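Chemist: 3D model of this:
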Amino acid sequence: MGRVKSIAVKSLANELMQKYGPRFTIGFENNKTVLGEVCPIKSKKIRNVLAGYLVTKVLLKDTVITGPKRVEEDEDSKPQRSSASRK
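Modeler: Here you go, the predicted structure:
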């Protein structure tokens, strides 16, 4: 389980994703650098929380766009159950 993020962090992250969305990636260190360029935050802790939350937002955005990754299996590769094992 993760920590609960404050409304201020979530709303600021949403604003930043709207304005500078393509600049943020799934890399935490990259997001910290971009945050330093885009909006200078004095608090190191808030910057790190925000950078981590932006990683989650980017991952969720990619999942929604591409869909969850599923492993497709052939019918032949699935193990067959025998009727004797069901009794």
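
Chemist: so where's the chain uncertain?
Modeler: Within the chain, the stretches falling below the threshold (pLDDT under 70) are 1-2, 63-87.

Chemist: how about the helices of the protein, start to end?
Modeler: 7-20, 28-38, 44-66 (DSSP state H).

Chemist: dump these into TSV; add mean neighbour count as well.
Modeler: (Glycine included, C-beta is placed from N, CA and C.) Conversion of the helices of the chain to TSV gives the following (neighbours: other C-beta atoms under 10 Å):
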stretch	mean neighbour count
helix 7-20	14
helix 28-38	15
helix 44-66	15
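
Chemist: what sits closest to I46 if chain neighbours are left out?
Modeler: Excluding the flanking residues, the one nearest I46 by C-beta to C-beta, 6 or more residues apart in numbering is V9, at 7.3 Å.

Chemist: against P22, how distant is that neighbour?
Modeler: Using C-beta to C-beta, to the nearest Å, one obtains 21 Å as the distance from V9 to P22.

Chemist: just A8 next, same as before
Modeler: 24 Å.

Chemist: quick check: the residue nearest to I46 touching A51?
Modeler: No: taking contacts as C-beta atoms under 8 Å, V9 lies outside contact range of A51: 10.4 Å.
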